[in-house]
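1. Kindly return the folded structure for what I paste below:
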Amino acid sequence: MIDWLDSNNKGKRRIQYKLRDWLFSRQRYWGEPFPIIWKDGHHFAIAESELPLLAPPLDDYKPSGTPEPILTKATEWVQLPDGSLRETNTMPQWAGSCWYYLRYCDPSNTKRFISHEAEAYWTSEKPGMVDLYVGGTEHAVLHLLYARFWHKVLFDLGQVTTPEPFQKLVNQGLILGEDGQKMSKSRGNVVNPDDVLAEFGADAFRLYEMFMGPLTATKPWQTAGLSGTHRFLKRTWRLYVNDDGALAVSDAAPSAALVRAWHRTLAKVTED
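-> All right, here's what the predicted structure looks like:
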C-alpha cells in the first residue's frame, strides 16, 4: 500500500518514531535539584565548581496543597545574594537510573563519574558497554529508551567512548497470578513472598522459579508446585546430613560406581 501511494504521488513514506517531549521535572523533594538559577526571566547553569548540587535539608517535605515545588520551602537555599533564584523542580529517578552502570565502574572517583582508565578496563571491544541488560518488556519504552538517550548524549559530548550502553537485552517474562492474569492488588491475586519464605524457605522459592520455565517466558504462579521443589531439596539435604544433623560426608575414597555416577551427573548437567 505504501509503495503504491508513493509511486502514484498520493503520499510519501515516512517513519513515525512516536517520540514525545520528555517531561523531566518533578515537584517533589526527593530527586536531584537542577543546577540552574533564574535571573531577570533567564536561566543559567551554575558553575561546575559548585557541583554536585545537593538538595537542602528540610524538616517538612510534605506537599503543601499548592502547585509550587517542595524546594520552595527552603527559602535561604532558593534566594541567592545577587537576587537570582534557584530552580526548585527536581529531576525524576531517570537522572540516576539512566547511567548508574557507569558510576558502578568507578564509584570512588571524585573528579569524574568514570575515568577513562576505568571505562577502558570494563569495556569490551563490542559497541555496548554493559554485557547483558535484563529487564521486563515495560522497560523497552521507559528505562531502555531513556538510558540509551542519556548514554548517546554522553557519547556525543565525548564523555564515553561507546555509542551504545548495552550489548544484549533479555526481557524476562512476567510471573502471573494463579488465575493466569497479571498480579495486582485490585485483582487480589498477589503472592506475598514473605508467606512463601515462611512456609517453604528461600531456597525452595528460588528453585521453583527456576523450574517454572525459560527466563523469557510468561508463566503462571502455582503455590502447590513449591511442595515438590521443597521435597526435592529435602532429599538432596539428606544426602549430606544425617537424621541427627551431622554431616554424612567422609574422607574415604569414592567407589568406582560413585565416580561413574558423578561423571554421568556432570555430563548431564553440562549438556542440559
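
2. From here on, just use CA atoms for contacts and neighbour counts.
-> OK.

3. tell me the mean pLDDT over the host helix or strand of residue 226?
-> Per DSSP states H and E: residue 226 is located in helix 225-238. Mean pLDDT, helix 225-238: 92.

4. Can you list the neighbours in contact with that helix?
-> 200, 204, 205, 207, 208 (Cα atoms under 8 Å, 6 or more residues apart in numbering).

5. Tell me who's in contact with residue 165.
-> Here residue 165 is in contact with 128, 129, 130, 147, 148, 151 (Cα under 8 Å, 6+ apart).

6. Sketch out the low-pLDDT regions of the stretch 101-250 of the chain for me.
-> The model of the stretch 101-250 of the chain has no residue with pLDDT under 70.

7. in the stretch 1-150 of the chain, which spans are strands?
-> 36-39, 42-45, 85-86, 128-130, 133-135 (DSSP state E, counting those that start in this stretch).

8. count of residues packed around residue 66?
-> When neighbours are counted by other Cα atoms under 10 Å, residue 66 registers 7.

9. quick one: pLDDT of it?
-> Note for residue 66: predicted pLDDT of 85.

10. Start at 745, not 1
-> Done: numbering now begins at 745, and the last item shifts to residue 810.

11. That one and residue 1016, how far apart?
-> Distance, residue 810 to residue 1016, using Cα to Cα, to the nearest Å: 60 Å.

12. same check, this time on residue 913
-> Distance of residue 913 to residue 1016, computed by Cα to Cα: 23 Å.

13. neighbour-wise, which of these two wins?
-> Taking neighbours as other Cα under 10 Å, residue 913 and residue 1016 compare with residue 913 leading, 15 against 5.

14. How about the more buried one: what's its closest non-neighbour residue?
-> With Cα to Cα, 6 or more residues apart in numbering as the criterion, residue 913 has its nearest non-adjacent residue at 4.8 Å, and that residue is residue 877.

15. Quick check: the one you found touching residue 912?
-> Yes. With contact defined as Cα atoms under 8 Å, residue 877 reaches residue 912; the gap is 6.0 Å.

16. Find the residues that touch each one of the two.
-> With Cα under 8 Å, 6+ apart, residue 877 and residue 912 have no common neighbours.

17. Would you mind listing the buried residues in whichever helix or strand comes after the helix holding residue 970?
-> Moving toward the C-terminus from helix 969-982, the next helix or strand (DSSP H and E) is helix 1000-1015. Residues of helix 1000-1015 classed as buried: none (neighbour count, 16 or more other Cα atoms under 10 Å).

18. got it, and stretch 806-815?
-> 813, 814, 815.

19. Nice, that's everything, thank you.
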